[in-house]
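> heads up, no residue letters with this:
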């Protein structure tokens, strides 16, 4: 069974960079699409972006200028960087495996999520 | 952006009840819709994709229907393990989610 686990700092200062890693176990990162999704407290789920294992990416236009998603196939991991964070970026961040061919459709497997708080 | 609106926001039900959750899209999304179950502190779980296709391993009491702008998730006989929050998600244009429906014990 494929499992995903997010890791990274739970507290980030305003204007700094949020960095998270998702480690995939029980399967290979190759041949799939991988995504990040977040949920601010009391709000809905927001798609952040995805990466294909070969490195091609697609980002939510509302976050595109601040987001970078990368993949390390040797470690079976993919990562999220979000720059210039504000309190509005406080959220539970989820990583997920997406079903897709030339694009992604639904999200087959998710991590448990990690809360990242932006505060000084 | 396509907006997804779920109703109700909260639903109180008893074990054995038939439960229906509705998801409406702000424009037609054909059948490009998925449903997820989410319990606090757990990974969300895919239940239904392409509006009515049951994900492998998901109990048959879950079913999905609809196309265009209106969709439903039905639980034919609510079980104790089904108390959770349910989300719809469209993938016709970008990827957006409904705000969630919490199914709680009556």
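Done, it's in. Model, not experiment: these values are computed from the prediction.

> Not counting sequence-adjacent ones, nearest residue to the residue most central in space within chain B?
Chain B has residue B:35 as the residue nearest its centroid, 4.0 Å off, counting by Cα atoms, centre = their mean. Once flanking residues are discounted, residue B:35 sits nearest to residue B:48: 4.1 Å by Cβ to Cβ, 6 or more residues apart in numbering or on different chains. Just so you know, the C-beta spots here come from the backbone N, C-alpha and C atoms, and that holds for glycine as well.

> The one you found - that's part of a strand, no?
Yes. Counting by DSSP: H, G, I helix; E, B strand; the rest coil, one finds residue B:48 located in a strand.

> Beta-bridge partners for it, please?
In this structure, residue B:48 bridges to residue B:35, residue B:54 when assessed by DSSP bridges.

> if I pick it, what's in contact with it?
Contacts for residue B:48 were tallied using Cβ atoms under 8 Å, 6 or more residues apart in numbering or on different chains; they are B:33-35, B:54-55, B:58, B:62-64, B:73.

> now the strands for chain B?
B:4-7, B:10-13, B:19-25, B:33-38, B:45-49, B:53-54, B:62-67, B:70-75, B:85-90, B:96-97, B:101-105 (DSSP state E).

> With mean pLDDT as extra columns, can I get those in JSON lines?
Listed next are the strands of chain B as JSON lines, based on pLDDT from 0 to 100:
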{"stretch": "strand B:4-7", "mean pLDDT": "98"}
{"stretch": "strand B:10-13", "mean pLDDT": "97"}
{"stretch": "strand B:19-25", "mean pLDDT": "98"}
{"stretch": "strand B:33-38", "mean pLDDT": "98"}
{"stretch": "strand B:45-49", "mean pLDDT": "97"}
{"stretch": "strand B:53-54", "mean pLDDT": "98"}
{"stretch": "strand B:62-67", "mean pLDDT": "98"}
{"stretch": "strand B:70-75", "mean pLDDT": "98"}
{"stretch": "strand B:85-90", "mean pLDDT": "98"}
{"stretch": "strand B:96-97", "mean pLDDT": "96"}
{"stretch": "strand B:101-105", "mean pLDDT": "96"}
